[in-house]
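**Q** from the sequence below, what's the structure:
(chains A and B)
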Number of protein chains: 2
Amino acid sequence: MLHTFVALVEDKPGVLTRVASLFRRLNINIVSLTVGRTERTGVSRMTIVAESSPTAGHRIMASLYKLENVLEVDDVGQRSCVARELALIKVAANPKTRSHIFELVEVFRARIVDLAPESLMIEITGVESKIEGLIQVLNESGDRILEISRTGRMVMRRGQHTSRVLDAMRLPGVAEAGETDALATEDSNILMAGETGLL
Amino acid sequence: MLHTFVALVEDKPGVLTRVASLFRRLNINIVSLTVGRTERTGVSRMTIVAESSPTAGHRIMASLYKLENVLEVDDVGQRSCVARELALIKVAANPKTRSHIFELVEVFRARIVDLAPESLMIEITGVESKIEGLIQVLNESGDRILEISRTGRMVMRRGQHTSRVLDAMRLPGVAEAGETDALATEDSNILMAGETGLL
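**A** Numbers count the residues shown, from 1 in each chain, chains lettered A, B, ... in the order given. Predicted coordinates for the structure are as follows:
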């Protein structure tokens, strides 16, 4: 089963080594990992997707919390969240075969970001299945994929769920958070339908 | 100075630990890192952005090559390439203040991917400066940013430059590659102007 963790860590040397070593020690394979800056200086945010047994979530979370420089950990597995991935795909295409790729790109709401005489580069964002959908269509229509680069999954909870965000919004506490939650989920279902599907 | 490396690695346990430890040993800070799947099963692609002296590029590349499970390394620092980053930004917004954020999102060619009564979530892709531009405008117009998640830089060379891609295209060799190169650069300048700017 795939687990997805969001960890806020201090931007100090060695923190990535510690996180990577932890998963190595637990003998859990990291499927994808992204590290980037956040809204706070000196704090980085990691999204880690790991393959392990369904019950391992709590153990991994507790182990992450015990590491130096780790500020906050969230297991978003079961929660309502937005998941996104960015991919760059280079496809062989000459002036004759280009137009049919242009059509595909439009259907998948992707973008052409580079064009060379013998190839072009597609940028696409979305859930994993959408990106895999485009790759499959390209393969099946006989286009030669030259290079693929993917960021791996990045997630953020819908609405204002985390204590950190509630603090930032200066909301008084859990009771009100629960209320906002229910509304948020209802509201965002409208968008969810369009965003979690293939297109 | 920021160095950007693309490394193709075998998808084996411990490879991330080895790469992270290497940078720790060299005492070089990793600014951002993404790991994701590629066009080949069993092979992952890392984009690593590291802060070090201008002359350290060769040393880092040689050290990466010496690691187990590392198949190929490319220092894209000086080369013509497409750089992209994905960011999710959660902003506090009620029904009254939403419309002005909708306008910003349109100008920056971003997308709204979630909407709750007190907040909304923006998805944006582009070069770092474009994403920082949006964050700055949001801050300056008094919107409260609740959460930011960024993937870090991902790069791919323009045209068909790498030996691996030339192999995939079954082009005979370096001479022809050089020719294609020159054309590719000319062609892609048209897109570059639009893509490397702020918007």
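**Q** beta partners for the residue nearest the centre of chain A?
**A** By CA atoms, centre = their mean, chain A has its centre lying nearest to residue A:154, at 1.8 Å. On the basis of DSSP bridges, residue A:154 is bridged to residue A:84.
**Q** so it makes contact with residue B:86?
**A** Yes. At 6.5 Å, residue A:154 counts as touching residue B:86 under the criterion of CB atoms under 8 Å. Heads up, the C-betas are built off the backbone N, CA and C, glycines and all.
**Q** what's the overlap in contacts for the two?
**A** A:84-85, B:151 (CB atoms under 8 Å, 6 or more residues apart in numbering or on different chains).
**Q** residues in contact with the residue nearest to residue A:134 when sequence neighbours are not counted?
**A** Spatial nearest neighbour of residue A:134, chain neighbours left out: residue A:108 (4.9 Å); criterion: CB to CB, 6 or more residues apart in numbering or on different chains. Counting by CB under 8 Å, 6+ apart, residue A:108 makes contact with A:124, A:126, A:130, A:133-134, A:199.
**Q** same check, this time on residue A:48
**A** By CB under 8 Å, 6+ apart, the residues touching residue A:48 are A:4-7, A:19, A:23, A:30, A:32-33.
**Q** next one: residue A:153
**A** Each residue near residue A:153 by CB under 8 Å, 6+ apart is listed here: A:4, A:32, A:34, A:47, A:49, A:83-85, A:128.
**Q** now, which of the contacts of residue A:48 lie within helices?
**A** Cross-referencing the contacts of residue A:48 against helices under DSSP state H gives A:19, A:23.
**Q** can you lay out the contacts of residue A:48 as a markdown table showing distance to residue B:41, pLDDT and neighbour count?
**A** Shown next, in a markdown table, are these (distance: CB to CB, whole Å; pLDDT from 0 to 100; neighbours: other CB atoms under 10 Å in any protein chain shown):
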| residue | distance to residue B:41 | pLDDT | neighbour count |
| --- | --- | --- | --- |
| A:4 | 22 | 93 | 21 |
| A:5 | 25 | 94 | 21 |
| A:6 | 27 | 94 | 21 |
| A:7 | 28 | 94 | 22 |
| A:19 | 25 | 93 | 26 |
| A:23 | 21 | 92 | 22 |
| A:30 | 17 | 88 | 22 |
| A:32 | 15 | 89 | 22 |
| A:33 | 19 | 91 | 26 |
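**Q** so which of the contacts of residue A:48 would count as near chain B as well?
**A** The subset of these within reach of chain B, by CB under 8 Å from any CB of the partner chain, is A:6, A:23, A:30, A:32-33.
**Q** which of the residues you listed fall in strands?
**A** A:6, A:30, A:32-33 (DSSP state E).
**Q** out of the residues you listed, give me the two with the largest separation.
**A** The most widely separated members of those are A:6 and A:30, with 14.1 Å between them, by CB to CB.
**Q** before we move on, the earlier item: rebuild the contacts of residue A:48 as CSV, extending it with distance to residue B:138.
**A** Converted to CSV, these look like this (distance: CB to CB, whole Å):
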residue, distance to residue B:138
A:4, 26
A:5, 27
A:6, 21
A:7, 24
A:19, 30
A:23, 34
A:30, 32
A:32, 28
A:33, 27
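**Q** out of the contacts of residue A:48, the closest to residue B:118 would be?
**A** residue A:6 (20.5 Å).
**Q** leaving out chain neighbours, which residue sits closest to the closest one?
**A** residue A:74 (4.5 Å).
**Q** and the host helix or strand of that neighbour, which strands flank it?
**A** Using DSSP states H and E, residue A:74 falls within strand A:70-75. Next to strand A:70-75 in the sheet, as set by DSSP bridges, lie strand A:2-10 (antiparallel).
**Q** contact partners of the partner strand?
**A** Counting by CB under 8 Å, 6+ apart, strand A:2-10 makes contact with A:15, A:19, A:31, A:38, A:42-52, A:56-57, A:60-61, A:64, A:69-77, A:83, A:153, A:155-156, A:164, B:149, all of which sit outside it.
**Q** and the residue nearest to the centre of chain A, how far is that from residue A:86?
**A** Noted for residue A:154: a distance of 8 Å to residue A:86, by CB to CB, to the nearest Å.
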